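Engineer: how would this look folded up:
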Amino acid sequence: MNNLLFFSAVDNGYEDFIPLYVYFANKYNPNSKFEFLVKNLTNDFKELINNFNKQFNTDILLRNYTNNINANRLRFLEEPITKCTYTYIGDIDIFINENILPFHINQMKEFNTIYSNCLRYPSNTNRMSGLHFVKSDEYFKQTESIRNKYIKLLIDKKITTGDEILLNNIILSLNTCIITPKDNIDFLIKRPIHGIHISLNRKPFTSTLEFPKELFKQMFIYDFYKSDDYTLINKFLSTKLQNILKTCETYSMFNNN
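Structural biologist: Below is the predicted model:
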């Protein structure tokens with residue numbers, strides 16, 4: 001069994017992020033597997049990912065879903081079919097730049113849990129962060145009934161609970177330690193991003209939150225764009241994603257605010 005599965009769900013065009021997400025995650029976590037739930041999966045996109053797998057020797061499984069649950073919720077409710085010792089459920093628009101296994105394995109040992117994540121405390125006491133690492137077999141078996149319950153409730157439109165509250169409720173059902181940071185700094189320590197978050201809900205696309213310009217320069221402008229891989233991967237990046245990266249590049253290089 002492979003050690004690590006990266007698992008997520010995407011809708012509303014966010015499947016465009018998959019090739020670049022996989023490229024970085026696989027670069028720093030070699031021999032990992034990947035599985036994505038994709039809303040309205042097309043044959044053209046399946047062919048694109050098949051060709052990507054061949055080009056970069058990656059292992060990506062795409063699964064179509066057609067229910068009315070949005071991707072942010074579904075990623076915490078659906079069980080992956082790819083079997084690995086550990087599963088990391090994350091945001092598709094975070095590009096990873098480190099080996100994530102040592103941190104999360106050590107944190108699970110420290111708190112004696114089958115998951116590695118934490119509350120968004122003190123700003124929120126009922127929301128887990130959306131970056132979630134688990135011991136696959138134990139976690140998915142022990143949370144099966146509550147996850148299935150929420151899937152049915154959401155499909156029947158009987159609840160509108162947000163994704164991070166759903167995840168917190170799932171963790172509460174385990175009767176385990178709730179990993180709680182002391183403050184905002186401790187939150188970032190207990191729940192690292194492991195890379196750079198290129199969110200369309202943040203700068204430079206909106207006026208909220210700061211953008212990590214120096215990290216973008218290092219990861220993309222000084223490293224990725226100058227590598228041989230950039231030429232190989234560029235054909236797998238949609239025009240939309242290329243424009244997103246160009247906006248980030250311009251903001252990083254020329255914005256002093």
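
Engineer: who touches stretch 234-242?
Structural biologist: By CB atoms under 8 Å, 6 or more residues apart in numbering, the list of residues contacting stretch 234-242 from outside reads 13, 16-17, 19-20, 48, 51-52, 55, 245. Any C-beta I mention is one placed from the backbone N, CA and C, and that applies to glycine too.

Engineer: how distant is the top helix by length along the chain from the center of its chain?
Structural biologist: Counting by DSSP state H, the longest helix found in the chain is helix 239-254. Averaging C-alpha positions (CA atoms, centre = their mean, to the nearest Å) puts helix 239-254 21 Å from its chain's average.

Engineer: please identify the buried residues of it?
Structural biologist: Under the neighbour-count criterion of 16 or more other CB atoms under 10 Å, helix 239-254 has 241, 244-245, 248-249, 251-252 buried.

Engineer: now secondary structure too, for the contacts of stretch 234-242, in a markdown table please.
Structural biologist: Formatted as a markdown table, these follow (DSSP: H, G, I helix; E, B strand; the rest coil):
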| residue | secondary structure |
| --- | --- |
| G13 | coil |
| D16 | helix |
| F17 | helix |
| P19 | helix |
| L20 | helix |
| L48 | helix |
| N51 | helix |
| F52 | helix |
| Q55 | helix |
| L245 | helix |
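
Engineer: which among those count as buried?
Structural biologist: Among those, the ones that count as buried by 16+ other CB under 10 Å are 16-17, 19-20, 48, 52, 245.

Engineer: got these as TSV, with pLDDT and distance to K141 columns?
Structural biologist: Below are the buried ones among the contacts of stretch 234-242 laid out as TSV (pLDDT from 0 to 100; distance: CB to CB, whole Å):
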residue	pLDDT	distance to K141
D16	97	34
F17	98	30
P19	98	32
L20	98	33
L48	98	34
F52	98	32
L245	97	40
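
Engineer: which of those residues lies closest to Y121?
Structural biologist: Nearest to Y121 among those is F17, at 28.7 Å by CB to CB.
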